[in-house]
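*Asks:* predicted model follows, preceded by the sequence.
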Amino acid sequence: MAELPGAPIKRLLAESSGGMRIGGDALDRATAEAEAFLRRLGQAAGQCAAADRRKTIQNSDIAAALTTLGR
């Protein structure tokens, strides 16, 4: 079951695609992919924070994690 609400994802997809409609299966897939990406991002950012002996993820950890994930 999805943890992220579908409405904001649907809105972002519609806005970024020039107002196209979003099919139910496409929304489910986009939601699952967004959640998977956020989990990978959180894991990588958490490793960066832990390496610096911190318990708080900071902006720099997100930036480093994005680099690690190839973005």
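*Replies:* Cool, got the structure.
*Asks:* hey, where'd the helices end up in the chain?
*Replies:* In the chain, the helices defined using DSSP state H lie at 6-16, 24-51, 59-68.
*Asks:* could you dump these to JSON lines with mean pLDDT?
*Replies:* Below are the helices of the chain laid out as JSON lines (pLDDT from 0 to 100):
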{"stretch": "helix 6-16", "mean pLDDT": "98"}
{"stretch": "helix 24-51", "mean pLDDT": "98"}
{"stretch": "helix 59-68", "mean pLDDT": "97"}
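*Asks:* how about CSV for those helices, with mean neighbour count added?
*Replies:* Just so you know, the C-beta spots here come from the backbone N, C-alpha and C atoms, and that holds for glycine as well. As requested, the helices of the chain are exported to CSV (neighbours: other CB atoms under 10 Å):
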stretch, mean neighbour count
helix 6-16, 13
helix 24-51, 14
helix 59-68, 15
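*Asks:* tell me the spacing between Arg54 and Cys48.
*Replies:* 9 Å (CB to CB, to the nearest Å).
*Asks:* swap in Asn59?
*Replies:* 11 Å.
*Asks:* burial of Leu4, as a residue count?
*Replies:* 13 (other CB atoms under 10 Å).
*Asks:* return the distance of it relative to Ala65.
*Replies:* For Leu4, the distance to Ala65 - CB to CB - is 19 Å.
*Asks:* one more: Asn59?
*Replies:* Asn59 is 11 Å from Ala65, by CB to CB.
*Asks:* then Leu12?
*Replies:* 21 Å.
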